[in-house]
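Engineer: pasting a predicted model and its sequence here:
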Amino acid sequence: MRARGSNLGLEREALAERRARGAAVVHLALIVGAMGCNSPLSAIHDVAAIREERVHFESGDNTLAGTLFLPDERGRHPAVVLLHGSGPQPRDAWTARWFATHGVAALAYDKRGVGESTGDFRVVPFMDLCDDGLAAIAWLRQRGDIDATRLGVWGLSQGGWLGPLAASRSRDVKFVVAVSGPLVSPGEQMVFFYANRLREQGLSAGDIDEASVLRRQVWRYLSTGDAYAETKAALSLATARAWFPALQQQEDGLFKRSVPEIMDDAALRRRQWFRQEMNYDPATALRKLTVPALFIYGDQDTITPVAPSVDVLRHTTAERPGSNISIEVIPGADHGMRSEQPDGLRIIAPAYLEAMSRWLKRTLG
């Protein structure tokens with residue numbers, strides 16, 4: 001978070017205190033490592049009890065706070081770092097506990113600027129947040145109760161982009177679990193999302209297609225500066241279409257602006273989304289993926305385009321016969337891997353957890 005005015009000194013003192021606590025935790029980890037270097041490897045199995053440790057670690061100028069969930073057993077455990085989805089995400093204690101009860105230690109931490117973590121995730125492109133996950137991996141490698149040969153990442157949604165990216169950047173990442181991770185660009189993923197929102201409002205398929213074409217064209221101009229005249233003409237014509245008011249009401253608020261405000265606002269074109277994030281190509285990291293990877297989707301996902309993502313995975317697997325990629329599509333599950341029950345409640349889909357448990361035992365056992 002950004003320091004302001006008289007709070008600057010207090011925030012610096014708090015940062016120093018967090019770093020001191022982080023140093024103490026790292027020091028303790030090194031002692032444990034020295035004592036436990038001959039500990040046997042722990043097998044993947046359901047465990048009766050887990051324990052929790054509150055931890056701090058450094059990533060660049062940021063101090064990140066989290067909780068390490070460990071099987072309460074002797075031995076060197078496989079471990080996973082949990083990567084965040086978009087937005088202000090705190091540590092995911094529920095998922096971390098699930099991993100720990102299945103024999104895999106899990107480190108969940110607060111995103112930059114969230115909870116107890118310093119920094120601000122909003123001031124960097126989301127790809128840079130991969131550095132925080134790799135800092136967590138490096139921190140875990142120092143511990144004597146963690147098996148560095150079975151150390152990987154799990155990520156949901158945006159974290160599904162970051163997982164393969166982390167593995168492409170570091171050989172310390174030994175496996176990847178990506179849940180609802182789009183394998184199209186962020187721009188295409190959001191066009192898919194906004195189209196589904198229009199569908200929920202009852203717009204026809206033809207109107208949704210026209211609105212999506214316009215969004216792509218305007219975004220492409222804002223990203224590249226190309227085709228100014230053509231984009232301005234298309235936007236001007238679209239304002240008279242019956243579906244345009246629905247487009248104006250969408251969450252990003254872009255089309256609430258006048259045509260000149262959209263086309264001629266230099267500050268708009270300098271936004272991080274248009275300059276750095278929108279055109280990120282996840283296939284680049286995917287093609288570099290050499291470690292075992294599990295990609296899980298729900299067939300009721302309205303945020304991630306599942307069919308195109310699965311097609312990318314299958315195409316990549318066909319191109320690289322030696323790749324170790326597994327794909328699971330969970331019937332009835334949504335973007336957050338929840339499925340609706342007969343009583344109307346939505347719960348974490350049991351088939352999702354079963355698929356992950358099977359894969360972990362097969363891959364890390």
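Structural biologist: Ah, there it is.
Engineer: so which residues of the stretch 201-350 of the chain form strands?
Structural biologist: 293-298, 325-330, 338-340, 346-348 (DSSP state E, counting those that start in this stretch).
Engineer: and these, which is most packed in?
Structural biologist: strand 293-298 (a mean of 25; mean count of other CB atoms under 10 Å). (Glycine included, C-beta is placed from N, CA and C.)
Engineer: could you check the angle strand 325-330 makes with that strand?
Structural biologist: Between strand 293-298 and strand 325-330, the angle comes out at 20 degrees (axes from the mean of the first three to the mean of the last three CA atoms, to 10 degrees).
Engineer: show me what strand 293-298 is in contact with.
Structural biologist: 160, 163-164, 167, 175-181, 183, 304, 306, 309-310, 313, 324-330, 332-335, 337, 339, 349, 352, 355-356, 359, 363 (CB atoms under 8 Å, 6 or more residues apart in numbering).
Engineer: now with 7 Å?
Structural biologist: 164, 175-181, 304, 306, 309-310, 313, 324-330, 333-335, 337, 352, 355-356, 359 (CB atoms under 7 Å, 6 or more residues apart in numbering).
Engineer: and those, which are buried?
Structural biologist: Neighbour-count burial (16 or more other CB atoms under 10 Å) is assigned, among the contacts of strand 293-298, to 164, 175-181, 304, 306, 309, 313, 325-326, 328-330, 333-335, 337, 352, 355-356, 359.
Engineer: any idea how far Val114 is from Gln89?
Structural biologist: Val114 sits 6 Å away from Gln89, going by CB to CB, to the nearest Å.
Engineer: now swap in Asp120 and tell me
Structural biologist: Asp120 is 13 Å from Gln89, by CB to CB.
Engineer: all helices in this protein, in order from the N-terminus.
Structural biologist: Secondary structure of the chain (DSSP state H): helices at 7-35, 93-101, 130-141, 158-169, 186-200, 205-224, 228-238, 244-248, 259-264, 266-269, 272, 282-287, 306-319, 350-364.
Engineer: could you chop this structure up by domain?
Structural biologist: 7-185+280-364, 186-277 (automatic domain parsing).
Engineer: need those in a markdown table with mean pLDDT, can you?
Structural biologist: Putting those into a markdown table (pLDDT from 0 to 100) gives the following:
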| stretch | mean pLDDT |
| --- | --- |
| domain 7-185+280-364 | 88 |
| domain 186-277 | 97 |
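Engineer: so which of those is the most surrounded?
Structural biologist: Of the domains of the chain, domain 7-185+280-364 is the most buried (mean count of other CB under 10 Å), at a mean of 19.
Engineer: who is the nearest residue to Ala105 once chain neighbours are set aside paired with across the strands?
Structural biologist: Of all residues not flanking Ala105 in the chain, Ala79 sits nearest, at 4.0 Å (CB to CB, 6 or more residues apart in numbering). For Ala79, the beta-bridge assignment (DSSP bridges) gives partners Ala105, Leu151.
Engineer: over to the one 4 residues further on?
Structural biologist: The residues paired with Leu83 through beta bridges, assigned by DSSP bridges, are Gly155.
Engineer: correct me, but it touches Ser157?
Structural biologist: No. Contact criterion CB atoms under 7 Å: Leu83 and Ser157 do not qualify, at 9.6 Å.
Engineer: was I right about Leu360 contacting Ile44?
Structural biologist: Yes. With contact defined as CB under 7 Å, Leu360 and Ile44 form a contacting pair (5.7 Å).
Engineer: common neighbours of those two, please.
Structural biologist: Val104.
Engineer: quick check: the residue most central in space within the chain vs Ala267, distance?
Structural biologist: Of all residues in the chain, the one closest to the mean position by CA atoms, centre = their mean is Gly159, 1.3 Å from it. Distance, Gly159 to Ala267, by CB to CB: 30 Å.
Engineer: which residues touch Ala349?
Structural biologist: With CB under 7 Å, 6+ apart, Ala349 has these contacts: 330, 332-333, 337-339.
Engineer: got phi/psi on the residue of the chain most remote from its centre?
Structural biologist: In the chain, the greatest distance from the average C-alpha position (CA atoms, centre = their mean) is reached by Ala240, at 38.0 Å. Note on Ala240: its backbone torsions stand at phi -100, psi 0 [degrees, to the nearest 10].
Engineer: contact partners for Ala100?
Structural biologist: Neighbours of Ala100 in contact, by CB under 7 Å, 6+ apart: 50, 69-71, 106.
Engineer: does Ser326 touch Trp359 like I think?
Structural biologist: Yes. Ser326 is within contact range of Trp359, at 6.0 Å (criterion: CB under 7 Å).
Engineer: surely Ala49 and Asp72 touch.
Structural biologist: Yes. Here Ala49 lies in contact with Asp72, judged by CB under 7 Å, at a distance of 4.1 Å.
Engineer: how far away is the closest residue to Arg346 other than its chain neighbours from Ile348?
Structural biologist: Leaving aside its chain neighbours, Arg346 sits nearest to Arg338 (4.3 Å; criterion: CB to CB, 6+ apart). Separation of Arg338 from Ile348 (CB to CB) stands at 6 Å.
Engineer: next, show the common contact partners of the two.
Structural biologist: Counting by CB under 7 Å, 6+ apart, nothing touches both Arg338 and Ile348.
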